[in-house]
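> Structure, please.
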Amino acid sequence: MKAVDQIPRRALLWLILCQFVVVLPHLGRVPVWVLAVYGLAALWRLQIHRQRWPIPGRWLRLMLGLCGGGAILASYRTLIGLEPMVALLLVANGLKLLETLRDKDGYVLVSLAFFICVTEFLFSQELPIVLSSVVCTVLLVTCMITLNQRPGADFSKQEPVLALKMLGLAIPLMVVIFILFPRIGPLWSVPSKNGQGTTGMSDFLRPGEVSKLGRSAAVAFRVQFEQSIPPKPALYWRGMVLSAFDDGAWRTLSWRDHPADERQFQRPVTYGDPLRYRVIMEPTMQRWLYALPFAESPSAGIIEAWDNRLTVLTPVESQLGYEVNSWLDAAGQTELSPWRRSLELAFPSDLNPRARAWITQQARAVDSPQALVQRVLRHFREQPFYYTLEPPPISEDDFVDVFLFESRRGFCEHYAYAFVALMRMAGIPARIIGGYQGGEINPVNNTVVVRQFDAHAWAEVWFENEGWVRIDPTGAVSPARVEFGLEAALAGEEGFLADSPLSAYRFKGINVVNWLRLRYDAMAFEWQSFIVGFNSDKQLDLLKDWFGEIRVSWFVAVLLGSGALVLIPLTLWINYTRRVSNRLPVEQDFAALCLQLEKYGVVREHGESPYGLLERANSQIPNDHLLAEIQISVRKMYELESGGN
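Next up, the predicted model:
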């Protein structure tokens, strides 16, 4: 192989650095052995460059590729899906380094790395991912610059500086395209993520499901209100409605589970102006959205379900922003159909005999369903029940019996489970609501940050002429949970935030960390609202505010005209700086002196030699110092032309 065809040494080192920088953002979702593949490939390629190890043959490379594919299949149990496909691409990118010997191979590797950099946004579009992508782009452009330079050159800071300049020149055009280019739907789709690593509420509830989320400080969603923020006890974020009871677990009903006449949304009776706010929700791989009670959404693509919750047609695989109007004091479904009443009363009659006997006795002592509810809540409040993140497991079918009369330790789902079961045993329609309660107020931008440990389960009970009424039995056992949040209610428990040992929330007691944490969160909200959430509707609204009515021909003219207004000045500036930079340093000095002579009335004529200009300047400007500078510049020019002789 000719030396001129080989990758320069510094270009090879830049390529290896780019390999590791590109794979780092994916380490949390790909097997750890992928990083080992990169390390082995980099070591082998360096030894090839030093002529210590041989270049792997075709059959060996084929075997390595098959082993990589087999390892991915063993790790994911499938090759279909976004995560295994990205992992396969990463392995191929790492092994490609072994056969990257010429410049053209380097260009292929850089192009593949650019593509891998884009795949990061299929999983997350948060600010850290954006910053890592910017770093990757700068390094990859630097790599392309070094691939185009002569072999043997030493490392220099000029290459990354030039890469930054090139990317900086692209920013104006990027802004024009971002604002003006039409937002169109994708021409193809990628396989859905499998949901691994995604935390949040699921579509069924067993004792212990919600308490697992108390170990995580990950953000579930952020909310910004147009008006003042309601008090924390009013922040019940409804997500799923669990009406069906099967095999010891509560679950939601799908649209197909409802009779045709039960699928219609019944708008509640509302009074006054709604509470308006915007939610930015993290991926959940579920179809339901979170909102305060009795919500409607003006955002496109959001459906108001029969049970007063918000849903979308496809699972939420990426961050989603939507507007909500809520009426906290509205009354919904003041009448129940026979099918609905039967659903909300269903509970196995052969389970929990002690609990059934106890609630029957309590019902005889009161004269209304409301009084029975208060009697049960008083029982939770006065008896030795405990609110804990790590209750003892209860595996018996008679869960309510064991919990009420033996264990008496549980998290919110334990109390909601037992309470709804008791209500149904007493003939009162009831259901479990899964969602979040409370949230942290960020004073920097006046938003509410709801985290996974804010996950909560409570009950809704139906009363005649009142409709569905929220009842939170956890509040009877631990009022601090509703008033101040989970952290205050579980102060000192080891399980709290056990899955988030490095979360900044853990260190909010340190003033500097808390200051940075709140400002980063505010910045992340603005990023999601105005950059990631800049969809076609927002684009049209912005352009209408700027230019009024929008027509297709006018829109194309504005797009092309804006691009021209950006590109023409950039082109002229680049050509000018290139013309100047192509001059030798001595020529640049002489041009500067000519400009200085013009101030004294000595203008160089067309075709006039430097010595001729010197003689005229000598006769017109009696300044020995200035003439000496001109003589030095002229002498250097003639020495350069004569080859230094």
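
> got the residue ranges for the strands in the stretch 351-500 of the chain?
Remark: strands assigned in the stretch 351-500 of the chain by DSSP state E, counting those that start in this stretch are 386-387, 409-410, 430-437, 440-442, 447-451, 455-463, 467-471.

> so what strands line up beside the longest one?
Okay, so that is strand 455-463. strand 430-437 (antiparallel), strand 467-471 (antiparallel) (DSSP bridges).

> Tabulate those strands in a markdown table, adding columns for distance to Ile510.
C-betas here are computed from N, CA, C, even on glycine. Listed next are these as a markdown table, based on distance: least, CB to CB, whole Å:
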| stretch | distance to Ile510 |
| --- | --- |
| strand 430-437 | 26 |
| strand 467-471 | 37 |
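
> What residue spans form the domains of the protein?
3-156, 204-343+429-506, 585-641 (automatic domain parsing).

> highest average neighbour count across these?
domain 204-343+429-506 (a mean of 18; mean count of other CB atoms under 10 Å).

> Would you enumerate the residues in contact with Pro31?
For Pro31, the contact set (CB atoms under 8 Å, 6 or more residues apart in numbering) comprises Ala71, Ile72, Ser75, Ala87.

> repeat that for 7 Å
Ser75 (CB atoms under 7 Å, 6 or more residues apart in numbering).

> Need the per-residue pLDDT for it.
For Pro31, the pLDDT comes out at 88.

> So for Pro353, which of the domains of the chain sits nearest?
domain 204-343+429-506 (16.0 Å; CB to CB).

> Let me see the mean pLDDT of the closest one.
pLDDT averaged over domain 204-343+429-506 gives 85.

> Same check on stretch 55-71?
In the prediction, stretch 55-71 has an average pLDDT of 88.

> how far out from the middle of the chain is that stretch?
How far stretch 55-71 lies from its chain's middle: 35 Å, per CA atoms, centre = their mean, to the nearest Å.

> Now render the domains of the chain as CSV, adding distance to Val513.
What follows is these, written out as CSV (distance: least, CB to CB, whole Å):
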stretch, distance to Val513
domain 3-156, 17
domain 204-343+429-506, 6
domain 585-641, 51
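
> so where's the longest helix in this protein?
helix 552-581 (DSSP state H).

> Run the chain-centre distance for that one.
33 Å.

> try stretch 444-453
Distance of stretch 444-453 from its chain centroid, counting by CA atoms, centre = their mean, is 15 Å.

> got the CA positions of that stretch in PDB?
Below are the C-alpha coordinates for stretch 444-453, written out as PDB (Å, rounded to 0.1, in the frame of the first residue of the first chain):
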ATOM      1  CA  VAL A 444     -36.900  29.600  38.500                       C
ATOM      2  CA  ASN A 445     -39.600  29.300  35.900                       C
ATOM      3  CA  ASN A 446     -42.600  28.500  38.100                       C
ATOM      4  CA  THR A 447     -43.100  25.000  36.900                       C
ATOM      5  CA  VAL A 448     -44.100  21.800  38.700                       C
ATOM      6  CA  VAL A 449     -41.700  18.900  38.300                       C
ATOM      7  CA  VAL A 450     -43.400  15.500  39.000                       C
ATOM      8  CA  ARG A 451     -41.000  12.600  39.500                       C
ATOM      9  CA  GLN A 452     -41.400   8.900  39.600                       C
ATOM     10  CA  PHE A 453     -41.400   8.800  43.400                       C
END
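
> what comes into contact with that stretch?
In contact with stretch 444-453 (CB under 7 Å, 6+ apart) are residues 199-200, 213-214, 216-224, 229, 235, 237, 436, 439-442, 486, 497, 518-519, 521-522, 525.

> now do 8 Å
Taking CB under 8 Å, 6+ apart as the rule, stretch 444-453 contacts 199-200, 213-225, 229, 235, 237, 290, 436, 438-442, 486-487, 496-497, 505, 518-519, 521-522, 525-526.

> Great, nothing more from me.
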